[in-house]
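Student: pasted the sequence and its predicted model underneath.
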Amino acid sequence: MKNICVYCGSRKGNNPKFPELAKQAGREIAHRDWGVVYGGGKIGMMGELANAALTEGGEVVGVIPTHLKDREVAHKGLTDLHETQDMHTRKALMESLSDAFLVLPGGFGTLDEFFEILTWRQLGLHNKPIFLLNSEGYFDGLVQYTENAVKHEFIHKESLSLFHVCEDLESCFQQLERFFELD
């Protein structure tokens, strides 16, 4: 079974389309008989993702640091829930359990996870695909930042190929399926 690590917010945000995206992602992952790996929370986008995948009979593995069990309300109904000492250990375990990464809208934590996994790929620590879902233009500023960093020669142009920007979930999943066919 392939596992998709999904990074997303512990809040739902103010656009009702974003929690729906999380639900749709959970359902689509489960329908493909892939597993979900995520931050282990029961609230926000994370909770929507996990509950949707579980409702469809999918496997869902959460990874949560001890200090966030109460704040992010650890989800007790998962296939498996790992508790870690700290954020770095959480991110490392999520990476080791996953075959690909999907980034949905979220806040600082989501960006931290995205940049760490992207940096690890740049450094050759893994070669797993990373997909940034730019629904509703949510990540336009981030994409613009990376292009600006290339322009100012802080990032090599080739490094932009280390992640894929998708405008909708369907294109993300089509690319994931192609990747897994080649794997």
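Tutor: On my side now, so go ahead. Numbers count the residues shown, from 1 in each chain.
Student: please make it C-alpha for all contacts and neighbour counts, starting now.
Tutor: OK.
Student: in this structure, which spans are strands?
Tutor: Here the chain has its strands, by DSSP state E, at 3-7, 35-38, 60-65, 80-84, 100-103, 130-133, 164-166.
Student: now these in CSV, with distance to Ala53 and mean neighbour count?
Tutor: Formatted as CSV, those follow (distance: least, C-alpha to C-alpha, whole Å; neighbours: other C-alpha atoms under 10 Å):
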stretch, distance to Ala53, mean neighbour count
strand 3-7, 12, 25
strand 35-38, 8, 27
strand 60-65, 7, 25
strand 80-84, 13, 17
strand 100-103, 15, 23
strand 130-133, 18, 24
strand 164-166, 21, 18
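Student: need those in JSON lines (columns: distance to His152 and mean pLDDT).
Tutor: Converted to JSON lines, these look like this (distance: least, C-alpha to C-alpha, whole Å; pLDDT from 0 to 100):
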{"stretch": "strand 3-7", "distance to His152": "28", "mean pLDDT": "99"}
{"stretch": "strand 35-38", "distance to His152": "34", "mean pLDDT": "98"}
{"stretch": "strand 60-65", "distance to His152": "37", "mean pLDDT": "98"}
{"stretch": "strand 80-84", "distance to His152": "38", "mean pLDDT": "97"}
{"stretch": "strand 100-103", "distance to His152": "25", "mean pLDDT": "99"}
{"stretch": "strand 130-133", "distance to His152": "23", "mean pLDDT": "98"}
{"stretch": "strand 164-166", "distance to His152": "21", "mean pLDDT": "97"}
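Student: can you redo these as a markdown table, where the extra columns are distance to Gln174?
Tutor: Listed next are those as a markdown table, based on distance: least, C-alpha to C-alpha, whole Å:
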| stretch | distance to Gln174 |
| --- | --- |
| strand 3-7 | 14 |
| strand 35-38 | 16 |
| strand 60-65 | 21 |
| strand 80-84 | 27 |
| strand 100-103 | 13 |
| strand 130-133 | 11 |
| strand 164-166 | 10 |
